[in-house]
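*Asks:* output the structure for:
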Amino acid sequence: EPHRHMRDLREPLCSRMLGSNTSKPLHRGNGTRSSGCGSVSVGFPITMMVTGMVGNSLALILVYISYRKKENKRKRSFLLCIGSLALTDLFGQLLTSPIVISVYRADLRWERVDPSGYLCPFFGVCMTTFGLCALFMASAMATERATAITNPHWYSNHMKTSVTKQTLALIWGLGLLFALLPVAGVGKYTRQWPGTWCFISVGDSQVSGNMFFSVTFALLGIFSLLVTVSCNVVTIRSLIIRCKSKSGTSQSSKQWERLTTETIIQLLGIMCVLLICWSPLLGLMLRMIYTQISSHECSSAAGHSSSTSDREVQFDCNFFLTAIRLASLNQILDPWVYLLFREILLRKVCFQQVDDGGTSAVWLMFPEPPCGPDYVRFISFWFPT
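*Replies:* Below you'll find the predicted structure:
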């Protein structure tokens, strides 16, 4: 009997999630909505918030400890970048996930959590700011890596910690200013299917500047992905060419070949995570803008899903929810692909027996390798032990 009550309660909740976003209330369909609501679960935001907090907190602790030990200013620049990315991802989760969980606890009624109507714009600003900032921080680090390996002398002479701080401050400032455009009347943040989160209103041409705002966000994200991928490809190519030209058969040569392989795998992992997490959202945004699908169509299709067009709209809306979850997953994976997995790999001490009166020498990572000092400068800067 309790199970039947919960099943009966679930259907009207699903149909009224976005009721306030439409001009007329939604009605329950003929049972077809149950499948569409199957993807709605409070377990997603809770799990993602906890795992994200753990990973980013570990990264911040590791960065703080390492920052105090590093005397090399270039290594401090690297730690500033990683720490800023972890802090951005952490704040993005702390400011948005509790709101989503609260809406679930309020029986999926946003009005109970946000009677004033100010929480939705705040949520949208957070999503836009922290999303863009994370993307452009990844691009900045990829650009710096490519510069360090392709032109190490110029990089060593011109790149300072102050430049890193200014770049990070510029990214945060521009990201926040762009996200505040709807507050100034350019674009709009609206509740998105299934009514538990707010984001840029796509496909609503009646709102002033909405087309410009939503298209610009998508294009900025795509541009950032292209920059990151291009720079990482340049870095990988340079690493392979440099180590191939100076390869040898000694133990240190094999050690550095292994380290280069690990570095390339990490860079490939960074690219895969970014593309998998962000490409669906950015591509779907452009599609929904082109087809003029908005949250109004999502809620209407939820209540009347009998026609083929309504089912297609509902598919896009459900996929939009999946895409935003993938983008949020990037906040969880960032500290691992950039720092934590690499730290685990590099927690190795290589012992090599040398003939020096019977004593043993302990070789930590980054001795003088056959790949040359420029290679050491790059690797020890971007992937310090």
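
*Asks:* give me the neighbour count for residue 173.
*Replies:* Residues lying near residue 173 (other C-beta atoms under 10 Å) number 11. Glycine gets a C-beta too; all of them are placed from N, C-alpha and C.

*Asks:* and the strands in the stretch 101-250 of the chain?
*Replies:* Counting by DSSP state E, counting those that start in this stretch, the stretch 101-250 of the chain has these strands, from start to end: 189-192, 197-200.

*Asks:* walk me through which strands the first one pairs with, and which way each runs.
*Replies:* In this case it means strand 189-192. Strand pairing for strand 189-192, determined by DSSP bridges: strand 197-200 (antiparallel).

*Asks:* residue ranges in the stretch 151-300 of the chain under the pLDDT threshold?
*Replies:* Applying pLDDT under 70 to the stretch 151-300 of the chain flags the ranges 246-253, 294-300.

*Asks:* quick one, helices of it?
*Replies:* Along the stretch 151-300 of the chain, counting by DSSP state H, counting those that start in this stretch, helices occupy 152-158, 161-179, 210-245, 251-291, 295-303.

*Asks:* quick one: closest of these to residue 185.
*Replies:* Closest approach to residue 185 among those (C-beta to C-beta): helix 210-245, 10.2 Å.

*Asks:* would you mind giving the orientation angle of the closest one with respect to helix 161-179?
*Replies:* 150 degrees (axes from the mean of the first three to the mean of the last three C-alpha atoms, to 10 degrees).

*Asks:* in helix 210-245, what's buried?
*Replies:* Residues of helix 210-245 classed as buried: 210-211, 213-218, 220-222, 224-225, 227-229, 231-232, 234-236, 238-239, 242-243 (neighbour count, 16 or more other C-beta atoms under 10 Å).

*Asks:* list the helices and strands that helix packs on?
*Replies:* Where contact means 3 or more C-beta pairs under 8 Å, 6 or more residues apart in numbering; DSSP states H and E, helix 210-245 is packed against helix 119-150, helix 161-179, strand 197-200, helix 251-291, helix 373-382.

*Asks:* which of these sits most buried?
*Replies:* Highest mean neighbour count among the helices and strands packed on helix 210-245 (mean count of other C-beta atoms under 10 Å): strand 197-200, with a mean of 24.

*Asks:* got the CA coordinates for that strand in PDB?
*Replies:* C-alpha atoms of strand 197-200 as PDB (Å, rounded to 0.1, in the frame of the first residue of the first chain):
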ATOM      1  CA  TRP A 197      17.900  23.800 -11.600                       C
ATOM      2  CA  CYS A 198      18.200  27.000 -13.500                       C
ATOM      3  CA  PHE A 199      20.300  27.900 -16.500                       C
ATOM      4  CA  ILE A 200      20.400  30.000 -19.600                       C
END
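
*Asks:* mind listing residues that contact that strand?
*Replies:* For strand 197-200, contacts defined as C-beta atoms under 8 Å, 6 or more residues apart in numbering pick out 96, 99-100, 103, 119-121, 123-124, 127-128, 182, 187-192, 213-214, 217, 285, 324.

*Asks:* as JSON lines, the helices of the stretch 151-300 of the chain with distance to residue 89 would be great.
*Replies:* Listed next are the helices of the stretch 151-300 of the chain as JSON lines, based on distance: least, C-beta to C-beta, whole Å:
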{"stretch": "helix 152-158", "distance to residue 89": "26"}
{"stretch": "helix 161-179", "distance to residue 89": "13"}
{"stretch": "helix 210-245", "distance to residue 89": "15"}
{"stretch": "helix 251-291", "distance to residue 89": "12"}
{"stretch": "helix 295-303", "distance to residue 89": "26"}
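
*Asks:* could you check the angle the strand or helix carrying residue 328 makes with helix 119-150?
*Replies:* Assigned by DSSP states H and E, residue 328 belongs to helix 308-335. Here the directions of helix 308-335 and helix 119-150 differ by 50 degrees (the same axes, to 10 degrees).
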